[in-house]
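Participant: everything below, folded, please.
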Amino acid sequence: MLVSDTVRGLARTSAGVSFDDRGERELKGVAEPQRLFAVREGDA
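Facilitator: The predicted structure is shown next:
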């Protein structure tokens, strides 16, 4: 699952979740490129 930087910031304190940076991507319907992160189980 990929999430935005905003979601990563909100979920950062969730136990058992970590994020891998997947870089900036252009998303359909969004004006500016967004930095995306893959969610995985692991250290928060």
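Participant: looking at the chain, which helix or strand does the model trust least?
Facilitator: Sorting the helices and strands of the chain by mean pLDDT, DSSP states H and E puts helix 5-11 at the bottom, at a mean of 89.
Participant: show me what the next helix or strand after that one packs onto, helices and strands only.
Facilitator: Next helix or strand after helix 5-11 toward the C-terminus (DSSP states H and E): strand 17-25. Here strand 17-25 touches strand 34-41, going by 3 or more C-beta pairs under 8 Å, 6 or more residues apart in numbering; DSSP states H and E. Every residue, glycine included, has its C-beta placed from N, CA and C.
Participant: who touches the strand it packs on?
Facilitator: Contacts of strand 34-41 with the rest of the structure, by C-beta atoms under 8 Å, 6 or more residues apart in numbering, involve 1-5, 8, 11, 16-25, 27.
Participant: among those residues, which ones are buried?
Facilitator: Buried by 16 or more other C-beta atoms under 10 Å: 3, 8, 19, out of the contacts of strand 34-41.
Participant: now do the contacts for the last one.
Facilitator: Spelled out, it's Phe19. Going by C-beta under 8 Å, 6+ apart, Phe19 touches 3, 8, 37-40.
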